[in-house]
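Asker: Make a model of this:
(one chain, ligands or ions: 2)
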Amino acid sequence: MATLAVELRNINKYFPLVVANDDVTFLVQKGEIHALVGENGAGKSTLVNILYGLLRPDSGTIAVNGQPAEFASPGDAIDHGIGMVHQHFMLIPPLTVAENVVLGREPTKFGFIDINLANKTVRDLSEKYGLKVDPKAKVETLSVGIEQRIEIIKVLYRGAEILILDEPTAVLVPQEVDELFEILRSLKDQGKTIIFITHKLQEVMAISDRVTVMRRGKVVDTVATDETSRQEIATMMVGRQVLFRVERKDAQPGEEVLRIEDLHALDNKQLPALRGISFSVREREILGIAGVEGNGQTELVEVLTGLRKAEKGMVKLDGLVVTNFNARSVKEKGIGHIPEDRHRRGLILDYTVAQNSVLGIHYRIPYVKRRGLDVINFGPIKKKAERLIQEFDIRPPDQKNLAGNLSGGNQQKVIVAREFDQDPKCLVAAQPTRGIDVGSIEFIHERLLQARDAGKAVLLISADLEEILSISDRIAVIYEGKIVGIMNPDEASEASLGLMMTGAY
Ligand SMILES: Nc1ncnc2c1ncn2[C@@H]1O[C@H](COP(=O)(O)OP(=O)(O)OP(=O)(O)O)[C@@H](O)[C@H]1O
Ligand SMILES: [Mg+2]
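Answerer: Ligands and ions are numbered 1, 2, ... in the order given. Next up is the predicted model:
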């Protein structure tokens, strides 16, 4: 019989509005990669946060390697060989990789930090697990994928035998996902135990040995990955069949709504990010922009939504030139925006769901009694929030809940609901389903198609090729700040798009 590295038994965790973990028993074998999946708000993060000592369970027991354990803080969990790789990286940019890794636990020599030893330790760990990280590089120069590896090294440096990764691939491009999986395999080969949370079921199939499915706070089942399928896991997750492909009619595009001509813009480092972009989106059409992240998508969205200055070129909305209008004016003219970074641009976490549901339009009637007079009208805001909660199945269904208390996927739903509801002429949707469960992805895709059929122009920016292929009417590929091709979805495949996206066409 395989030995158990982690035993969480009969765990209950109550929050004021929900039972986040309802008699959960979660058993992880030593040396396996164990995937944990479930709908948004199912209780996955809560469960692993309990294991890492970030949350205390209301009842239930924890054992590590057969020994009962109790964690009052992450420090206790670390002492038991448990490590968590955070999704929002907590690295200090001006420091080097090695300085970040040893931070708080620096090796010393005669009372001074022994930086040579720190460098060597990081180099050894990096080589042992195939992490390919240079200990002396400054963190600020590194990509997200490398930052994540540094978080992994940090956890290993603190002696972790059991690694928890909560949606590690949400921030990675496909190439980086493959590299992460190689690292996870090599960690497993050397005896480490891995708990891996994801919404992408193909990742579950590709990397895990076993998978546990949660729904509404409970464990549905734990199964061996090679004895199940993506379809079966999805059905366990949401309690019904999931199609993975939306039914859709062909587009009937009408007048041009958004026109972009020869757009140029700089990135945060003042280097060219957009180098002459031109395209248009018509009403009743979804134009998908495919590309590896970092090829100008972020800057494009920011220019379109008034958050970044165009150096050159033109943006036209419904015949009106709106180049370099500020964010509020652009919104007034009819551009809706689902931002890619929900924490920075999409929500205010310590505001309620109701307040967030009018963010950016709070100054309009009926949310104020008279325009220009900022007396807030709470009644209509509450009513609107309640309607959106219903329509978009935001859980828990309470408009007074703080956005920061929602699960990641439900936070995303609040943003999506708000932006759809403003009835924009043109909707700019950047990574609209990132962190969203399969059932809700289906729902958001249906809503995007409905918006299209209701006459809107939709610009979809996504790193997810499956998403691009399944709902776009035309696909533009962006590479190094230029559009390198525009095609119909029936002429495109994941393989051909993938090649174009890397500049090989
Ligand atoms: N600090 C908190 N205060 C109140 N409620 C909370 C808190 N943290 C989580 N919850 C609630 O507990 C439930 C489970 O949340 P959890 O974050 O564990 O879900 P999840 O499965 O990780 O979802 P996702 O896939 O969206 O990340 C949700 O209903 C959430 O709103
Ligand atoms: Mg979560």
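Asker: What parts of this structure come near ligand 1?
Answerer: 15, 18, 20, 38, 40-46, 395-396, 405-410 (C-beta under 6 Å from any ligand atom). (Each C-beta comes from the backbone N, C-alpha and C, glycine too.)
Asker: Give me the sheet partners of the helix or strand containing His337 and which way each runs.
Answerer: Element membership for His337 (DSSP states H and E) is strand 335-338. With DSSP bridges as the test, strand 335-338 is paired with strand 426-430 (parallel).
Asker: residue furthest from the geometric center of this protein?
Answerer: For the chain, the residue at maximal distance from the C-alpha centroid (C-alpha atoms, centre = their mean) is Phe110, at 44.5 Å.
Asker: Report pLDDT for that residue.
Answerer: With respect to pLDDT, Phe110 has a value of 83.
Asker: How about the residues of the protein by ligand 2?
Answerer: 45, 408 (C-beta under 5 Å from the ion).
Asker: Could you rerun that using 6 Å?
Answerer: 44-45, 166, 407-408 (C-beta under 6 Å from the ion).
Asker: Could you rank the residues you listed by neighbour count and give me the top one?
Answerer: Lys44 (27 neighbours; other C-beta atoms under 10 Å).
Asker: that older thread, sort the residues of the chain next to ligand 2 by pLDDT and name the bottom one.
Answerer: Gly408 (83).
Asker: ok, the closest residue to it other than its chain neighbours to Gln87 distance?
Answerer: Excluding its sequence neighbours, the residue lying closest to Gly408 (C-beta to C-beta, 6 or more residues apart in numbering) is Gly435, at 4.7 Å. From Gly435 across to Gln87, the span is 9 Å (C-beta to C-beta, to the nearest Å).
Asker: do Val292 as well
Answerer: Distance from Val292 to Gln87, by C-beta to C-beta: 20 Å.
Asker: anything in contact with each of Gly435 and Gln87?
Answerer: Common neighbours of Gly435 and Gln87, using C-beta atoms under 8 Å, 6 or more residues apart in numbering, are 167, 170.
Asker: picking up where we left off before, out of the residues of the chain next to ligand 1, which are inside helices?
Answerer: Within these, residues falling in helices by DSSP state H are 44-46, 408-410.
Asker: Smallest gap between the stretch 201-350 of the chain and ligand 1, at which residue?
Answerer: Met214 (6.6 Å; C-beta to the nearest ligand atom).
Asker: got the contact list for that residue?
Answerer: 24, 36-39, 42-44, 47, 220.
Asker: mind redoing it with 10 Å?
Answerer: Shown in contact with Met214 (C-beta atoms under 10 Å, 6 or more residues apart in numbering): 21-22, 24, 26, 36-39, 41-44, 46-47, 197, 220-221, 236-237.
Asker: do the same with Ser73
Answerer: 52-54, 56, 79.
Asker: give me every residue that touches the residue lying closest to Ser280 once chain neighbours are set aside.
Answerer: Excluding its sequence neighbours, the residue lying closest to Ser280 (C-beta to C-beta, 6+ apart) is Arg259, at 4.5 Å. Listed by C-beta under 10 Å, 6+ apart, the contact set of Arg259 reads 278-282, 314-319, 321.
Asker: Also Gln148?
Answerer: Taking C-beta under 10 Å, 6+ apart as the test, what Gln148 contacts is 85-87, 89, 91, 131, 142, 165, 168-169, 171-172, 176, 179-180, 183.
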